[in-house]
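>>> Next one to model:
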Amino acid sequence: MRPQLRRALGLALSLSTTAAAVGVSATISPVAEAVTSHWVSCNDNAIRETPRVVWWRMQGVSYDHTGVPTNFWTGYRDDLAKVVCYESTFQYHASNAGQYGWFQMNRALINSEGVTWSQYWYGDRRHPAGWYQCLAAERYILHRYGNPAAAWAHERYYGWY
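All right, here's what the predicted structure looks like:
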């Protein structure tokens, strides 16, 4: 079996298994059917390609009493890394059609999660650039999906989280 076909079949099985586990419809989405090289790369390689600074910021948010459960870091960090890979390819100043940063959030969503635009984009005296991106995104994931695995399953199914 050709590697691309094998990956597509593995992707379909993985998607349906994960989707069922987090309560998302198990049917295969158009995104999964397309099997873009970027998606495959992030799914297969995100964990080992994640820059250390991303890990440090995610861990800092989880342990800094920010209202984000510590299990986001201990139990779901791989799912968070995949979201960052897919959304921004680990570029903390990525921008695309009004979406910004590692997690590609818009300004209104950033503000709704208790972070100012300046903090999100530049950091501040207390925390460096990227820290507030993780804070806003992890709060958003908690409020919308409950946990990063559900956010990643949604990303895989719809192509956005």
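>>> Now Trp117. Nearest residue, chain neighbours left out?
Excluding the flanking residues, the one nearest Trp117 by CB to CB, 6 or more residues apart in numbering is Arg107, at 5.6 Å. All C-beta atoms are positioned from the backbone trio N, CA, C, and that covers glycine.
>>> ok, which stretches of the protein are helices?
Here the chain has its helices, by DSSP state H, at 3-22, 30-34, 37-49, 52-63, 71-74, 77-88, 107-112, 117-122, 131-144, 148-158.
>>> Tell me which residue lies nearest the centroid of this structure.
Val83 (2.2 Å; CA atoms, centre = their mean).
>>> Against Thr116, how distant is it?
Distance of Val83 to Thr116, given as CB to CB, to the nearest Å: 22 Å.
>>> neighbours around Trp152, how many?
Neighbour count for Trp152, taken as other CB atoms under 10 Å: 26.
>>> wait, doesn't it sit right on Val84?
No. Using CB atoms under 8 Å, Trp152 is not in contact with Val84, being 10.5 Å away.
>>> what's the pLDDT at Ala137?
As predicted, Ala137 sits at a pLDDT of 95.
>>> which one is it nearest to, not counting chain neighbours?
Ala137 sits nearest to Phe103 (CB to CB, 6+ apart), 3.5 Å away.
>>> List phi and psi for that neighbour.
With angles defined as degrees, to the nearest 10, Phe103 sits at phi -100, psi 0.
>>> what's it in contact with, if anything?
Val83, Val84, Glu87, Ser88, Gln133, Cys134, Ala136, Ala137, Tyr140 (CB atoms under 8 Å, 6 or more residues apart in numbering).
>>> Taking those residues together, which two end up most distant?
Ser88 and Tyr140 (14.7 Å; CB to CB).
>>> Pull the number of nearby residues for Thr89.
Close neighbours of Thr89, defined as other CB under 10 Å, add up to 14.
>>> Quick check, pLDDT for it.
92.
>>> cool, Cys85 as well?
pLDDT for Cys85: 93.
>>> measure it to Trp160 for me?
Cys85 is 14 Å from Trp160, by CB to CB.
>>> For the two, work out which one has more neighbours and name it.
Legend: neighbour count by other CB under 10 Å for Cys85 and Trp160, higher for Cys85 (22 against 12).
>>> tell me the contacts of the more buried one?
By CB under 8 Å, 6+ apart, the contact set of Cys85 is Ser41, Cys42, Asn45, Ala46, Glu49, Thr50.
>>> Having no further points to raise, I will conclude here.
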